[in-house]
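Trainee: Got a sequence here, can you model it:
(one chain, ligands or ions: 1)
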Amino acid sequence: MILLDGKIISEQVKVEIAQEVENIKKQGGKVPHLVAILVGHDGGSETYVANKEKSCTQVGFKSTVLRFEDTVTEAKLLYEINLLNNNPDVDGFIVQMPLPKHISEQKITEAIDPKKDVDGFHPLNVGRMTIGMPAYISATPDGIIELLRRYKIETSGKHCVVLGRSNIVGRPISNLLSLKGYPGDCTVTVCHSRTKNIPEITRTADILIVALGQAEYVTADMVKEGAVVIDVGINRIKSDATKSGWKLLGDVKFDEVAPKCSYITPVPGGVGLLTIVSLLKNTLKAAKKEIYG
Ligand code: NDP
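Mentor: Take a look at the predicted model:
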């Protein structure tokens with residue numbers, strides 16, 4: 001069994017990005033600039049944005065955070081987005097979700113110029129990705145693809161079972177893995193809460209991707225010998241054994257499933273660590289105008 005190590009891969013990718021930034025600087029170019037819009041004081045969002053800023057600094061990007069109180073109006077946010085869309089100094093920007101209830105997340109997402117949509121949530125980027133055109137791919141599916149690529153995992157002709165059909169994980173990754181070329185060419189089955197006989201289906205998976213939000217849902221009897229298992233789930237569970245009183249569990253019962261696998265991701269330390277790296281990759285692509293020219 002080989003561990004798909006998100007820490008090692010994310011460090012590798014960051015070193016490669018930092019090298020590219022150095023080259024841009026040497027040639028007298030502008031360093032990539034990522035802006036994050038943060039509304040309110042949600043703890044999770046604050047942490048995520050702080051990690052983004054730290055990662056930007058590590059690779060030599062310019063990073064700006066625009067903060068707004070949670071009383072900010074939708075009109076004001078749309079106005080700010082328009083300014084960022086038209087600011088040539090900004091290569092890419094994200095609006096940290098969730099937003100307060102009075103603001104339409106869909107309206108905000110659609111207001112972002114797809115050329116600067118480094119989160120890859122704009123319908124144009126989602127649509128382009130779906131038909132295999134160059135697009136900004138959102139962080140979690142891109143992180144999974146990065147792991148498959150870096151560990152040179154064979155995907156062609158494999159049966160990939162995806163548990164979960166959310167717009168941010170299950171749907172995009174099932175789409176990407178069914179596209180032509182590497183890493184793709186899979187035969188993909190997508191399962192959700194209405195699917196019957198899930199264990200019967202998962203036992204036929206060469207590659208099993210689990211994104212349910214159900215702690216330790218996948219047990220050893222649900223996994224084929226030699227399967228590749230990618231656990232996207234992050235579940236915060238109460239625990240007396242930790243100082244914080246919480247522990248993180250994936251959607252896969254790691255201890256009993258791991259011995260059956262050829263490759264498996266740990267939680268934490270797997271897919272999650274690659275999400276910020278994906279954002280950095282997209283920002284570099286935006287600065288180099290790789291997707292839209
Ligand atoms: P959602 O809640 O949006 O989607 C969950 C999906 O799982 C739905 O399609 C749902 O089916 C399906 N589902 C839930 N329970 C069952 C069940 N018992 N049997 C069958 N299907 C079920 O979750 P997300 O996709 O946003 O996230 C999934 C997990 O991944 C979470 O733990 C989340 O924290 C984690 N995550 C991790 C990330 C990372 O960076 N590693 C990034 C994003 C998410 P239906 O559609 O029918 O309701």
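
Trainee: alpha carbons only for contacts and neighbour counts from here, please
Mentor: Fine.

Trainee: of all the residues in the stretch 51-200 of the chain, which ones are close to the ligand?
Mentor: Contacts of the stretch 51-200 of the chain with the ligand, taken as Cα under 6 Å from any ligand atom, map to 140, 164, 165, 166, 168, 169, 192, 193, 194.

Trainee: quick one: which of those residues is nearest to residue 238?
Mentor: Closest approach to residue 238 among these (Cα to Cα): residue 164, at 23.9 Å.

Trainee: Settle this for me: the closest one is touching residue 191, isn't it.
Mentor: Yes: counting by Cα atoms under 8 Å, residue 164 touches residue 191, with 5.8 Å between them.

Trainee: before we move on, which element is residue 77 in?
Mentor: Residue 77 is located in helix 74-85, with elements delineated by DSSP states H and E.

Trainee: how about the helices of the stretch 101-250 of the chain, start to end?
Mentor: Along the stretch 101-250 of the chain, the stretches classed as helices by DSSP state H, counting those that start in this stretch are 105-111, 123-130, 139-150, 170-178, 198-202.

Trainee: Just send the ones you listed back as CSV, with mean neighbour count and mean pLDDT too.
Mentor: Putting those into CSV (neighbours: other Cα atoms under 10 Å; pLDDT from 0 to 100) gives the following:
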stretch, mean neighbour count, mean pLDDT
helix 105-111, 16, 98
helix 123-130, 17, 98
helix 139-150, 21, 98
helix 170-178, 23, 98
helix 198-202, 17, 98
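
Trainee: Format these as JSON lines; extra columns: distance to residue 244.
Mentor: Formatted as JSON lines, these follow (distance: least, Cα to Cα, whole Å):
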{"stretch": "helix 105-111", "distance to residue 244": "32"}
{"stretch": "helix 123-130", "distance to residue 244": "38"}
{"stretch": "helix 139-150", "distance to residue 244": "26"}
{"stretch": "helix 170-178", "distance to residue 244": "30"}
{"stretch": "helix 198-202", "distance to residue 244": "34"}
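
Trainee: now the lengthiest helix in the chain, how far from the centre of its chain.
Mentor: Ranked by number of residues, the top helix in the chain under DSSP state H is helix 6-26. Mean-position distance between helix 6-26 and its chain equals 18 Å (Cα atoms, centre = their mean, to the nearest Å).

Trainee: try stretch 193-213
Mentor: How far stretch 193-213 lies from its chain's middle: 21 Å, per Cα atoms, centre = their mean.

Trainee: What residues sit buried inside that stretch?
Mentor: Residues 198, 201-213 are the ones in stretch 193-213 that count as buried (16 or more other Cα atoms under 10 Å).

Trainee: same check, this time on stretch 226-241
Mentor: 226, 227, 228, 229, 230, 231, 232, 233, 234, 235.

Trainee: Residue 26: how many residues sit nearby?
Mentor: Residue 26 has 10 neighbours, counted by other Cα atoms under 10 Å.

Trainee: Going by neighbour count, which residues in stretch 4-24 are buried?
Mentor: Buried positions in stretch 4-24, judged by neighbour count with 16+ other Cα under 10 Å: 4, 5, 6, 9, 10, 13, 14, 17, 18, 20, 21, 22.

Trainee: wait, what's in contact with the residue nearest to the second one when sequence neighbours are not counted?
Mentor: Counting by Cα to Cα, 6 or more residues apart in numbering, residue 5 lies nearest to residue 270, which is 5.6 Å off, once chain neighbours are set aside. Residues touching residue 270, when contacts are defined by Cα atoms under 8 Å, 6 or more residues apart in numbering, comprise 4, 5, 6, 7, 231, 232.

Trainee: what do you get for residue 136?
Mentor: Shown in contact with residue 136 (Cα under 8 Å, 6+ apart): 117, 118, 119, 120, 125, 126, 129, 282, 291.

Trainee: let's see 10 Å
Mentor: Contacts for residue 136 (Cα atoms under 10 Å, 6 or more residues apart in numbering) come out as 114-122, 124-126, 128-129, 142, 278-279, 281-283, 285-286, 290-292.

Trainee: Filter the residues you listed down to the buried ones.
Mentor: With neighbours counted by 16+ other Cα under 10 Å, those contain buried members at 114-122, 124-126, 129, 142, 278-279, 281-283, 285-286, 291.

Trainee: Show me these that map onto strands.
Mentor: Judged by DSSP state E, these include no members of strands.

Trainee: list the residues that contact both of residue 164 and residue 191?
Mentor: 170, 210, 212.

Trainee: quick one: contacts for the first one?
Mentor: In other words, residue 170. With Cα under 10 Å, 6+ apart, residue 170 has these contacts: 140-141, 161-164, 190-192, 209-212, 232.
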